[in-house]
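**Student:** Structure for this input, please:
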Amino acid sequence: MHYGTESQMVRKEFTVLNKLGLHARAAAKIVQTSSQFQSRILIIKNGREADAKSMLDIMTLSCPQGTRIELCAEGKDAAEALAALAVLFDNKFGEE
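**Tutor:** So this is what the prediction gives:
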């Protein structure tokens, strides 16, 4: 696959810190945030990939508290997308 010079790929590891893990409300926040960006964004857990713009994909990963995941974004706004998602994870999705 060929990507233009504008395209970039960024990866970052996270630990799911909120008590309820990536449940419906947290997944909805990920989808809402991811959908603001053009980049393709994946959540990777133990080699399984989920589209960060798909609620169903995220829910099927089953990520309870303490799960280690990797976020991978590819596209011209990949760095911004990952930075926005990092805020969600760091703030435990507004829980607690």
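**Student:** hey, where'd the helices end up in the chain?
**Tutor:** Applying DSSP state H to the chain gives helices spanning 24-34, 55-61, 78-90.
**Student:** of all the ones you listed, which lies closest to Met9?
**Tutor:** Met9 lies closest to helix 78-90 among the helices of the chain, at 6.3 Å (Cβ to Cβ). C-beta here means a position set from N, CA and C on the backbone, and glycine is covered the same way.
**Student:** Quick check: buried residues in that closest one?
**Tutor:** Neighbour-count burial for helix 78-90, counted by 16 or more other Cβ atoms under 10 Å, picks out 78, 80-82, 84-85, 88-89.
**Student:** now the helices of the chain in CSV, with distance to Lys12?
**Tutor:** As requested, those are exported to CSV (distance: least, Cβ to Cβ, whole Å):
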stretch, distance to Lys12
helix 24-34, 14
helix 55-61, 16
helix 78-90, 5
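**Student:** List just the one of those helices that sits closest to Ile44.
**Tutor:** The closest of the helices of the chain to Ile44 is helix 55-61. By Cβ to Cβ, the value is 8.8 Å.
**Student:** which helices and strands sit right next to that closest one?
**Tutor:** helix 24-34, strand 40-45, strand 48-51 (3 or more Cβ pairs under 8 Å, 6 or more residues apart in numbering; DSSP states H and E).
**Student:** Identify the residues contacting the closest residue to Pro64 other than its chain neighbours.
**Tutor:** Excluding the flanking residues, the one nearest Pro64 by Cβ to Cβ, 6 or more residues apart in numbering is Gly21, at 3.9 Å. Residues in contact with Gly21 (Cβ atoms under 8 Å, 6 or more residues apart in numbering) are 63-65, 67.
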